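> output the structure for:
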Amino acid sequence: MANEKCDDAKPAAAPVPAPAGERMVMCVKFGKMMPGLDRVPWKGEIGKRVYETVSKEAWKLWLEHSKMVMNEYRLNPLDPNSQKIMEQQMEQFFFGEGARLPEGYVAPKTKG
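Numbers count the residues shown, from 1 in each chain. Have a look, this model is predicted:
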């Protein structure tokens with residue numbers, strides 16, 4: 001009769017349950033299940049893709065990156081051409097090879 005107890009075996013890690021009411025997504029940026037956004041963050045097809053595949057944490061990274069893009073390209077959020085550039089940057093950031101920094105961009109020096 002085979003030994004039914006295996007002392008060396010470790011129990012498999014149980015999946016972490018989502019907090020009550022939290023929507024989970026397989027995050028394209030982090031490659032794991034994470035809490036998703038509460039609403040579609042952008043109009044159109046890109047907004048739907050982001051909602052379905054981007055976590056709240058990854059969206060926070062994008063918001064910080066988007067500030068730099070807006071400033072460096074001197075974009076106006078109300079201008080349709082500026083919105084198009086932001087959509088292209090968002091596409092690259094989440095679904096491409098990563099957003100490229102504007103030509104000649106120099107990161108600000110950190111204090112400390």
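> hang on, residue 35 in a strand?
Yes - assessed with DSSP: H, G, I helix; E, B strand; the rest coil, residue 35 lies in a strand.
> separation between it and residue 22?
To residue 22, residue 35 is 5 Å away according to Cβ to Cβ, to the nearest Å. Every C-beta, even on glycine, is put in place using the N, C-alpha and C of the backbone.
> between those two, who's got more neighbours?
Ranked by neighbour count (other Cβ atoms under 10 Å), residue 35 and residue 22 place residue 35 first, with 15 against 12.
> ok, what's across the strand from the more buried one?
Note on residue 35: beta-bridge partners by DSSP bridges are residue 24.
> I'd assumed residue 24 was in contact with it.
Yes - taking contacts as Cβ atoms under 8 Å, residue 35 lies within contact range of residue 24: 6.2 Å.
> would you indicate which residues of the helix or strand containing residue 61 are buried?
Element membership of residue 61, judged by DSSP states H and E, is helix 56-72. Of the residues in helix 56-72, 58, 59, 62, 65, 66, 68, 69, 70 count as buried by neighbour count, 16 or more other Cβ atoms under 10 Å.
> perfect, I'm done here.
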